[in-house]
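*Asks:* build the 3D model from these lines:
(one chain, ligands or ions: 1)
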Amino acid sequence: MADHTEEDITSVLHENRLFKPKSEFSKQSHVKSRAAYDRLYKKAEKDPEGFWGELAKSELHWFKPWTKVLDWKPPFAKWFVGGTTNVSFNCLDRHLDGPRKNKAALIWEGESGDSRTLTYQDLHREVSKFANVLKNKGVKKGDRVAIYMPMIPELAIAMLSCARIGATHSIIFGGFSAAALRDRINDAEAKLVVTADGGYRKGGVITLKEKVDEALEAAPSVETMIVVNRTGTEVSMKKGRDFWWHDEMQGASAVCKAAALSSEHPLFILYTSGTTGKPKGVVHTTGGYLLGATITSKWVFDLKEEDTYWCTADIGWVTGHSYIIYGILSNGATSVMYEGVPTYPAPDRFWAIVEKYRVNIFYTAPTAIRALSKLGKEWPKKHDLSSLRLLGTVGEPINPEAWMWYHAVIGGRRCPIVDTWWQTETGAIMITPLPGAIPAKPGSATLPFPGISAEVVNKDGKKVPPNVGGYLVITRPWPSMLRTVWRNPKRYKETYWSDIPGVYFSGDGARRDKDGYFWIMGRVDDVMNISGHRLGTMEIESALVSHPTVAESAVVGAPDEIKGTSVCAFVTLELGQSPSEDLKNKLKSHVVKEIGAIARPDQIRFTDNLPKTRSGKIMRRLLRDIAAGRESVGDTSTLEDYTVLAKLRHDDEA
Ligand code: PRX
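*Replies:* Model prediction:
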């Protein structure tokens, strides 16, 4: 591998370079050329139902075929109507008849270096057993199961077991607090919770069972808790409610037929932040979701039988759902799963894992790339990364500098990079290069996946000209789209299908260049993107206001070199309270307790007043400028009290 200097990485930034796939890569890929992509795209555009129907037949197993590809009563879609299938069957059983039987399905690496490999047969057995455990505890088709776990194989087993019997899982990221967990359990009315005593992170132990205990003090729907013994942390087990995973698994039968479920049966709920109120339970169903996850895994990651694939996301986020488990296992591929952080015990952990398992396809977030590139290229250079053949990114726009580092230092300038735009709601990748077909431009997610009709429009839904910014919308239903917000179809309609007439609005701004490439410009609402995860400012504000010293607060994002965006909270205290460093720390801890460490404010700024319009709306635009240290150039004519702004700036300089 040639040695590349930092200079030759940055110099490229000033060019609008096109990175064409190498012909050796294109030749062996699933979609081999721009012409092949265009053919697929046009075919899908001409006859979307024919296109998706054909793929559903060729890529998935059905117990009973569907009678209708799409039932579209805007904005409510049903895909593969009348068909029955099972996600766990597609991810496991169908691979057991041939040579995949003893192939690694999951290669798991613990943070402390322990590892476990589960073949398809192993995983099938564990899943069947745990599915029986769930049944024994009274879980039935349609019941909700909450999963709050570290990144251990039992997490994968638990979700596939739910899918096997038709229980709808709701996975709550292990970094969320007891309060956030409780809200999500209550919204879904989960009957059973699967957790662990704790998990390993940065060399220490994080407790989980303890947080579930706290959450369950006010979560009456939960009857049972199953606890994996991961860390040996002391926990108290409530008699009749709490059971150890290993005890229950011991006697469980390894025979459990996968239930034939309607294509529209809810597979999972996943909560995501919105602009207002509590998190939304995004609902994904069975057949359409699995088709989206499966075909994008195959074409975007160019998955082949012999590949070892690794996505570094946590399964608590949608990326882990679709691209560690469902889409990857459905293709019969080998998926690496890692428990810990990228920098433990040293900043080369990711690269050590790539070398150890000879990873071929590597999918991570720009925030991780930025953080790791800052630590220096001596860390990746310690390892043989020559097994890599394809790289991917997800979660936020990747800045060209980070893209070039990824390309040169990690990919050795030979691996295509797929910059994949999608959302919790879309279920699967929507805008992305197909790696053998579409030349990449650093920072652009390039073109829509075949079958996906994406556009950039103005408020009236009219297409904007090239290089003009607008709203990123999807104009036609697609199989892996969210079906609704859990028990709140009104919110579903209002959030996604009302701002712009007749289309799905993603909440993102974007532009298309003269080649039709999409450049994502970030959220247009008050939702922040912190390290590739969406956080509603509203939730953090409510957490702050719930502290007895706080009268009012406004949270905005500020640009951050590594995280993309950092959390900046403006806080007005109750009368009689005085600002102090100590109080700042207390408020930060309070947010962590209420929501989780991911929401911890990086900055707290005390202010006597917040800038408001005459109608009392907080002018976040101004606060964003102040947080970023920018002069406000925008219109301040509606500002109620000009002195507030001057004061905030003055405090900033002090
Ligand atoms: O703003 C976009 C950004 O992440 C949002 C979706 O967040 P979430 O539902 O948490 O899912 C993250 C993983 C799919 C989007 O609305 N985003 C995601 N991918 C990209 C991106 N922004 C730019 N480029 C991307 N590739």
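*Asks:* what parts of the protein come near the ligand?
*Replies:* Within reach of the ligand by Cβ under 6 Å from any ligand atom, the chain has these residues: 272, 318-319, 394-397, 419-424, 445, 506-508, 520, 522-523, 529, 533-534. Using the backbone N, CA and C atoms, a C-beta is placed for each residue, glycine as well.
*Asks:* give me the subset of those lying in helices.
*Replies:* Of the residues of the chain next to the ligand, the ones assigned to helices by DSSP state H are 318-319.
*Asks:* need the contact list for the residue in the stretch 201-350 of the chain positioned nearest to the ligand.
*Replies:* At 4.9 Å from the ligand, Thr319 is the closest residue in the stretch 201-350 of the chain, using Cβ to the nearest ligand atom. Contacts for Thr319 (Cβ atoms under 8 Å, 6 or more residues apart in numbering) come out as 311, 313, 363, 394-395.
*Asks:* which of the residues in stretch 594-606 are buried?
*Replies:* Residues of stretch 594-606 classed as buried: 594-596, 598-602, 604-606 (neighbour count, 16 or more other Cβ atoms under 10 Å).
*Asks:* filter these down to the ones in strands?
*Replies:* The members of the buried residues of stretch 594-606 that map onto strands under DSSP state E are 604-606.
*Asks:* contacting residues for Arg523?
*Replies:* Per Cβ under 8 Å, 6+ apart, neighbours of Arg523: 507-509, 529, 534.
*Asks:* who wins for most neighbours among those residues?
*Replies:* Neighbour counts for the contacts of Arg523 peak at Asp508, which has 21 neighbours (criterion: other Cβ atoms under 10 Å).
*Asks:* beta partners of it?
*Replies:* Applying DSSP bridges to Asp508 gives these bridge partners: Arg523.
*Asks:* who is whatever residue of the stretch 551-654 of the chain ends up closest to the ligand paired with across the strands?
*Replies:* Residue nearest to the ligand within the stretch 551-654 of the chain (Cβ to the nearest ligand atom): Gly564, separated by 9.3 Å. On the basis of DSSP bridges, Gly564 takes part in beta bridges with Asp560.
*Asks:* can you give me the helices in the stretch 451-600 of the chain?
*Replies:* Remark: helices assigned in the stretch 451-600 of the chain by DSSP state H, counting those that start in this stretch are 489-497, 537-545, 581-594.
*Asks:* and among those helices, the most buried is which?
*Replies:* helix 537-545 (a mean of 22; mean count of other Cβ atoms under 10 Å).
*Asks:* what is the orientation angle of that one with helix 581-594?
*Replies:* Between helix 537-545 and helix 581-594, the angle comes out at 120 degrees (axes from the mean of the first three to the mean of the last three Cα atoms, to 10 degrees).
*Asks:* under the pLDDT cut-off, which ranges of this protein? List them.
*Replies:* Along the chain, the model assigns pLDDT under 70 to residues 1-15, 275-277, 631-640, 642, 650-654.
*Asks:* tell me the domain ranges of it?
*Replies:* As recorded under automatic domain parsing, the domains making up the chain are 120-254, 527-653.
*Asks:* what pairs with Gly198 across the strands?
*Replies:* Beta-bridge partners, per DSSP bridges, of Gly198: Thr207.
*Asks:* do I have it right that it meets Ile206?
*Replies:* Yes - look at Gly198 against Ile206 with Cβ atoms under 8 Å: they come within range, at 5.7 Å.
*Asks:* common neighbours of those two, please.
*Replies:* Residues touching both Gly198 and Ile206 by Cβ under 8 Å, 6+ apart: Pro150.
*Asks:* out of those two, which sits in the busier spot?
*Replies:* Under the criterion of other Cβ under 10 Å, the comparison of Gly198 against Ile206 puts Gly198 first, with 24 against 18.
*Asks:* can you tell me which residues contact the more buried one?
*Replies:* 150, 205-209, 230-231, 233.
*Asks:* which of those tops the neighbour count?
*Replies:* Pro150 (27 neighbours).
*Asks:* list the contacts of whatever residue of the stretch 101-250 of the chain ends up closest to the ligand.
*Replies:* Using Cβ to the nearest ligand atom, the closest approach of the stretch 101-250 of the chain to the ligand is made by Phe173 at 10.5 Å. Phe173 sits next to 314, 316-317, 596, 598 when contact means Cβ under 8 Å, 6+ apart.
*Asks:* which one is the closest residue to the ligand within the stretch 1-150 of the chain nearest to, not counting chain neighbours?
*Replies:* Going by Cβ to the nearest ligand atom, the ligand is nearest to Phe19 of the stretch 1-150 of the chain, at 16.0 Å. Spatially, and ignoring its direct neighbours in sequence, Phe19 is nearest to Ala440 (4.5 Å; Cβ to Cβ, 6 or more residues apart in numbering).
*Asks:* please enumerate the helices of the stretch 1-150 of the chain.
*Replies:* Using DSSP H, counting those that start in this stretch, helices in the stretch 1-150 of the chain cover 6-10, 23-28, 34-46, 48-59, 87-91, 120-136.
*Asks:* burial measure for the residue of the stretch 551-654 of the chain closest to the ligand, as a count.
*Replies:* Using other Cβ under 10 Å: Gly564 sits among 24 other residues.
*Asks:* I figured it hits Glu396, correct?
*Replies:* Yes - shown here, Gly564 and Glu396 form a contact pair, counting by Cβ under 8 Å, at 5.0 Å.
*Asks:* overlap in contacts of these two?
*Replies:* Shared contacts of Gly564 and Glu396, counting by Cβ under 8 Å, 6+ apart, come down to 366-367, 529, 532.
*Asks:* would you turn the residues you listed into a markdown table with distance to Val336?
*Replies:* Shown next, in a markdown table, are the shared contacts of Gly564 and Glu396 (distance: Cβ to Cβ, whole Å):
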| residue | distance to Val336 |
| --- | --- |
| Pro366 | 20 |
| Thr367 | 20 |
| Asn529 | 26 |
| Gly532 | 19 |
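*Asks:* which one of those residues sits closest to Asp641?
*Replies:* Ranked by distance to Asp641 (Cβ to Cβ), these are led by Asn529 at 30.8 Å.
*Asks:* which ones are touching the residue nearest to that closest one when sequence neighbours are not counted?
*Replies:* If the residues on either side of it in the chain are set aside, Asn529 comes closest to Glu396, at 5.1 Å by Cβ to Cβ, 6+ apart. Residues in contact with Glu396, defined by Cβ under 8 Å, 6+ apart, are 365-367, 522, 529, 532, 564.
*Asks:* need the max-distance pair from the residues you listed.
*Replies:* Spatially, the most separated pair among these is Ala365 and Gly522, at 14.8 Å (Cβ to Cβ).
*Asks:* tell me which of the two has more neighbours.
*Replies:* Ala365 (23 against 16).
*Asks:* list the contacts of that one.
*Replies:* Neighbours of Ala365 in contact, by Cβ under 8 Å, 6+ apart: 312-313, 393-396, 531-532.
*Asks:* for the stretch 501-650 of the chain, which residue gets nearest to the ligand?
*Replies:* At 3.6 Å from the ligand, Ile520 is the closest residue in the stretch 501-650 of the chain, using Cβ to the nearest ligand atom.
*Asks:* and that residue, how far is that from Ser444?
*Replies:* 8 Å (Cβ to Cβ, to the nearest Å).
*Asks:* and for Ser615?
*Replies:* Ser615 is 39 Å from Ser444, by Cβ to Cβ.
*Asks:* quick one: which of these two has more around it?
*Replies:* Ser444 (25 against 7).
*Asks:* for Phe362, give me its contacts.
*Replies:* Counting by Cβ under 8 Å, 6+ apart, Phe362 has contacts 310, 312, 354, 388, 390-392, 410.
*Asks:* at 7 Å what do you get?
*Replies:* By Cβ atoms under 7 Å, 6 or more residues apart in numbering, Phe362 lies in contact with 310, 354, 388, 391.
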